[in-house]
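attaching a predicted model along with its sequence, questions to come.
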Amino acid sequence: MLVLGIETSCDETGVAVYDTARGLVAHALHSQVAMHRDFGGVVPELASRDHVRRVVPLAERVLGEAGLALADLDGVAYTQGPGLAGALLVGAGVATALAYALRIPAVPVHHLEGHLLSPLLGQPRPEFPFVALLVSGGHSQLFDVAGVGRYRLLGDTLDDAAGEAFDKTAKLLGLPYPGGPALAALAEAGVPGAVKLPRPMLSSGDLDFSFSGLKTAVLTLARKEASGAAPDTLAPARKADIAREFQQAVVDVLVAKSVAALATTGRRRLVVAGGVGANRDLRARLTATVRARDGEVYFPDLAFCTDNGAMIALVGALRLAAGGAFDYSFVVRPRWDLASVAPVGV
Ligand code: KG4
Ligand code: ZN
């Protein structure tokens, strides 16, 4: 079963073809990072307009690289939400129109289900059940995953998500957008333990997160060190020390809560997904900690940690193969709880 997947929820246009027999066939991505950089963040209207420009040429490219014609497709999957309403409408509109013209199903996909199942694009593939740590720009959540569409929320963020905390902290230190990767790169040069920041909710006894206090702690510390001047005036080496400790604090909390989630559910496998899953320190620490407990940890390939079309094509193909009714009406869901998606194969 051959499915074209279209991702337009935020600032990347992603298109891919996934085959249930062969796996990922082709994928292409256009990132809008350069376009939004001057504004210090994503401008929703510009994002939508750029998706309009990119999506059809990307689809043509992907089909061309795969040596496929539109007539070969069995379905078109698209991100229905969560995300920016205007950006989502572009992908939903194009995918549904294409599916209607081809008389094949249009399959709406939850963006976070795409992230959560993205490790299935790689080898070895994690088997169900597993615990998933979903750490993206908008979410820090732990799920118990019994199968496709069977997600039980174990823990959630009470305020900022991990990626959001990375982005906001980077911004206040004067780093360029997108802040997460820039802060992580700067942290490499920092001296461990040179400054001290809190580990929020580390001992809260539950599986929830809170990262906004950490960002405020950085602001307070940086202001003090800059003697009242703006935090971004600090010397680069000092910023690196702060970045190192910030990253360490986030990783400490994510690792501790992931291990606690494995313990409470009795699962052995941990799957990590979402943009922050690209963080090298997090990958190294989780790998060492979970293996020391005789468990297994799975990460998506780096290319599929951040937004991409491959994960949408994958989920679309899994859902299409499982059957069900699809039609050509569509709504987008800018806010959409992952635990509420339809289960598959039960
Ligand atoms: O999953 P994603 O592409 O978008 C959402 O669905 O939200 O995640 C983007 C987030 C951003 O907050 C970005 O700063 C963060 O992932 N991120 C990182 C790294 N790479 C991306 N955070 C820390 N370290 C990284 N290497
Ligand atoms: Zn995402």
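Received, thanks. Ligands and ions are numbered 1, 2, ... in the order given.

when you work out contacts or count neighbours from here on, use the C-alpha atoms and nothing else.
Fine.

so what's Lys239 closest to, chain neighbours aside?
Leu173 (6.9 Å; CA to CA, 6 or more residues apart in numbering).

for Phe166, same thing?
Nearest non-adjacent residue to Phe166, counting by CA to CA, 6+ apart: Gly180, 4.8 Å away.

surely the one you found meets Lys171?
No: using CA atoms under 8 Å, Gly180 is not in contact with Lys171, being 9.4 Å away.

which residues of this structure lie near ligand 1?
136-138, 163-164, 166-167, 178-181, 184, 274-276, 278-279, 306-307 (CA under 6 Å from any ligand atom).

which of these fall in helices?
Gly163, Glu164, Phe166, Asp167, Gly179, Gly180, Pro181, Ala184 (DSSP state H).

now the two most distant members of those.
Greatest spatial distance among those (CA to CA): Glu164 and Ala184, at 13.2 Å.

my guess is the residue nearest to Lys239 contacts Asp232. True?
Yes: taking CA under 8 Å as the definition, Leu173 is a contact partner of Asp232 at 4.4 Å.

who's more crowded, these two?
Using other CA atoms under 10 Å as the criterion, Leu173 and Asp232 rank with Leu173 on top: 23 against 18.

the helices in the stretch 51-200 of the chain, which residues?
Secondary structure of the stretch 51-200 of the chain (DSSP state H, counting those that start in this stretch): helices at 85-102, 111-117, 162-172, 179-187.

tell me the residue in the protein that is farthest from the middle.
Distance from the C-alpha centroid of the chain peaks at Ser227, with 37.0 Å (CA atoms, centre = their mean).

for that one, helix, strand, or coil?
Counting by DSSP: H, G, I helix; E, B strand; the rest coil, the backbone at Ser227 sits in coil.

from Ser329, how far out is it?
Distance, Ser227 to Ser329, by CA to CA, to the nearest Å: 58 Å.

what's the first-to-last distance across stretch 124-138?
Terminal-residue distance, stretch 124-138 (CA to CA): 28 Å.

can you list the low-confidence ranges for the stretch 201-346 of the chain?
Scanning the stretch 201-346 of the chain for pLDDT under 70 picks out the ranges 346.

redo that, cut-off 80
345-346 (pLDDT under 80).

now the strands for it?
Listed in chain order, the strands of the stretch 201-346 of the chain (DSSP state E, counting those that start in this stretch) span 269-273, 296-298.

buried ones in the lengthiest helix in the chain?
As assigned by DSSP H, the longest helix anywhere in the chain is helix 236-265. Under the neighbour-count criterion of 16 or more other CA atoms under 10 Å, helix 236-265 has 238-255, 257-259, 261-262 buried.

what do you get for stretch 280-293?
Asp281, Leu282, Arg283, Arg285, Leu286, Thr287, Thr289, Val290.

contact partners of that stretch?
Gln247, Val251, Val255, Val259, Leu270, Gly277, Glu296, Val297, Phe299 (CA atoms under 8 Å, 6 or more residues apart in numbering).

quick check on the closest residue to ligand 1 within the stretch 1-150 of the chain: phi, psi?
For the stretch 1-150 of the chain and ligand 1, the shortest gap (CA to the nearest ligand atom) falls at Gly137, measuring 3.1 Å. Note on Gly137: its backbone torsions stand at phi -70, psi -30 [degrees, to the nearest 10].
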